[in-house]
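Colleague: Take a look and give me a structure for this.
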Amino acid sequence: MVEIIYNRKLINEILPLLKTKEIIVIHGARQVGKSSVMEYLIKNHIKESYFYMDLENIEYLELCNKGPLAVYQFLTGRGINLDKRLILLIDEIQYLKNPSNFLKIFHDHYANIKLIVSGSSSFDIKRKFKESLVGRTIEFELFPLDFEEFLEFKNKKYVIKNENSPEINKELISLFEEYNYFGAYPKIVLENNEENKKLMLSQIISTYVKKDIRDLGNIRDIESFNKLLVVLASQSGNLLNMEELSNTIGIDQKTIKEWLFLLESTYIIKLVRPFHKNIRSELTKNPKVFFIDTGLMHLLHLKIFPKTLLGNSFENSFFSELLKNKIDFNFWRTTNKQEIDFIVQNKQISAIETKLNFQQSIGTTFNFFKKKYNSRNFLVAIYGEKNEKYKKYPWEMIHEILENK
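Modeller: Down below sits the predicted model:
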């Protein structure tokens, strides 16, 4: 059976750059589809000579660690004519001892070789990449599937818009539930059996989230690190309280900050900063913590996939949609605990609430925010019935935000 390689939105951003000199660097967590993006480019868009290397293959890693000249000689030894242009695709570039120097020499001295490289940890890549690469690379981030990509992987050809029929929206609600429960790692989405989904995602947690990240950060207190993961998963969408985390886990705040930085740099969590403009003194300074993948969050926290949509999980899914669609956003909360889930600044400031069911009218919190920031756009991402014009399904709202970006 031929494996289908699906299109990703990132590919359309990369295509105009295939003919340029700059090195394309794709960052992203393990298992989000970086290798599949390269394979899709090879099968559908690269019309010239190419060569692919995965540095998890020890032979290719040892070769590349010898330097660009050794790679050049290897390619010519394979009968590749390097007088003509070649696209060299390298997976897991972070394994190189000195990727910065390797890429710089290729860029500056081998004009006919165009590099496309990927890395599973921005922490490791940024640690090894030097300022010498400034102006030589164009960097992209690849996340688990957004909802529109999820629909494509499910072979659902719906157009995301505001005018869908009630029947289509009913099916989209069901699909969004699945998207929320199990998360959006590509191989999890393509697996139909729930028990297999759990086994596969548990493998990602044990192999990549726990072991790889622990090794990367040289973490010795494994029990405390694993406990932090569980606590963060249970608090996803909440304000980050360093003192409370320190007391709960029993480690100092400096270590927790280091581990949070590591988890954010390896695309497990994201810290969202508060919105402020005119009344900085009235606003909280603590960030909120979110998990980038809800399936991962559910297994770490609940040990199982939920059977119904949970409020904080719904908010986390909407956060994830904003992030994956490269929409700039914050949250807003005053010291008096007035709060709005998401603030998006496009042509105008939009205040967005996420609610499973929302029967209230626009309340005092939005009126206060509207007065302070001259915001006229209040929206509610809902899961239940829509009965007012400012209530929209999450896929509709993301579509509208992108339309007005």
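
Colleague: So residue 35 is in contact with residue 89, correct?
Modeller: No: assessed by C-beta atoms under 8 Å, residue 35 is found out of contact with residue 89, at 9.2 Å. (Each C-beta comes from the backbone N, C-alpha and C, glycine too.)

Colleague: who has more neighbours, the two?
Modeller: Set residue 35 next to residue 89 and count neighbours by other C-beta atoms under 10 Å: residue 89 wins out with 23 against 19.

Colleague: can I assume that one sits in a strand?
Modeller: Yes: secondary structure assignment places residue 89 in a strand (DSSP: H, G, I helix; E, B strand; the rest coil).

Colleague: which residues of the stretch 251-400 of the chain fall in helices?
Modeller: Using DSSP state H, counting those that start in this stretch, the helices of the stretch 251-400 of the chain run over residues 253-265, 294-302, 311-324, 364-373, 394-403.

Colleague: Burial-wise, tell me which of those helices comes out on top.
Modeller: For the helices of the stretch 251-400 of the chain, the largest average neighbour count (mean count of other C-beta atoms under 10 Å) is found in helix 294-302, namely a mean of 23.

Colleague: Any stretches of the stretch 201-350 of the chain with poor pLDDT?
Modeller: 277-284 (pLDDT under 70).

Colleague: If we use 80, what do you get?
Modeller: Along the stretch 201-350 of the chain, segments meeting pLDDT under 80 span 212, 216, 276-284, 335, 346-348.

Colleague: for it, what spans make up the strands?
Modeller: Using DSSP state E, counting those that start in this stretch, the strands of the stretch 201-350 of the chain run over 269-272, 288-291, 329-333, 339-345, 349-355.

Colleague: Residue 205: which of those is closest?
Modeller: Closest of the strands of the stretch 201-350 of the chain to residue 205 is strand 288-291, at 11.6 Å (criterion: C-beta to C-beta).

Colleague: Which residues does that closest one contact?
Modeller: Contacts to strand 288-291, defined as C-beta atoms under 8 Å, 6 or more residues apart in numbering, come from residues 232-233, 235-240, 260, 268-272, 297, 300, 316, 319-320, 331.

Colleague: which among these end up buried?
Modeller: Buried members of the contacts of strand 288-291, counted by 16 or more other C-beta atoms under 10 Å: 232-233, 235-237, 239-240, 260, 268-270, 272, 297, 300, 316, 319-320, 331.

Colleague: what's the pLDDT at the residue nearest the centre of the chain?
Modeller: Geometric centre of the chain, nearest residue: residue 143, 3.2 Å, by C-alpha atoms, centre = their mean. We have a pLDDT of 97 for residue 143.

Colleague: In a strand, it, correct?
Modeller: No: counting by three-state DSSP, residue 143 is not part of a strand but coil.

Colleague: how close does the residue nearest to it when sequence neighbours are not counted sit to residue 116?
Modeller: Using C-beta to C-beta, 6 or more residues apart in numbering and skipping residues adjacent in sequence, the residue nearest residue 143 is residue 324, 4.7 Å away. As judged by C-beta to C-beta, to the nearest Å, residue 324 and residue 116 stand 21 Å apart.

Colleague: show me what contacts the closest residue to residue 291 other than its chain neighbours?
Modeller: For residue 291, ignoring the flanking residues on the chain, the nearest one in space by C-beta to C-beta, 6+ apart is residue 297 at 3.8 Å. Shown here is residue 297, whose contacts under the criterion C-beta under 8 Å, 6+ apart are 183, 233, 236, 291, 313, 316.

Colleague: change it to 10 Å
Modeller: Applying C-beta atoms under 10 Å, 6 or more residues apart in numbering to residue 297 gives the contacts 180, 183, 229, 232-234, 236-237, 268-269, 290-291, 312-313, 316-317, 320.

Colleague: cool, and residue 226?
Modeller: By C-beta under 10 Å, 6+ apart, the contact list for residue 226 reads 205, 209, 210, 214, 219, 249, 300.

Colleague: 7 Å instead, please
Modeller: Residues in contact with residue 226 (C-beta atoms under 7 Å, 6 or more residues apart in numbering) are residue 210.

Colleague: measure it to residue 206 for me?
Modeller: Separation of residue 226 from residue 206 (C-beta to C-beta): 10 Å.
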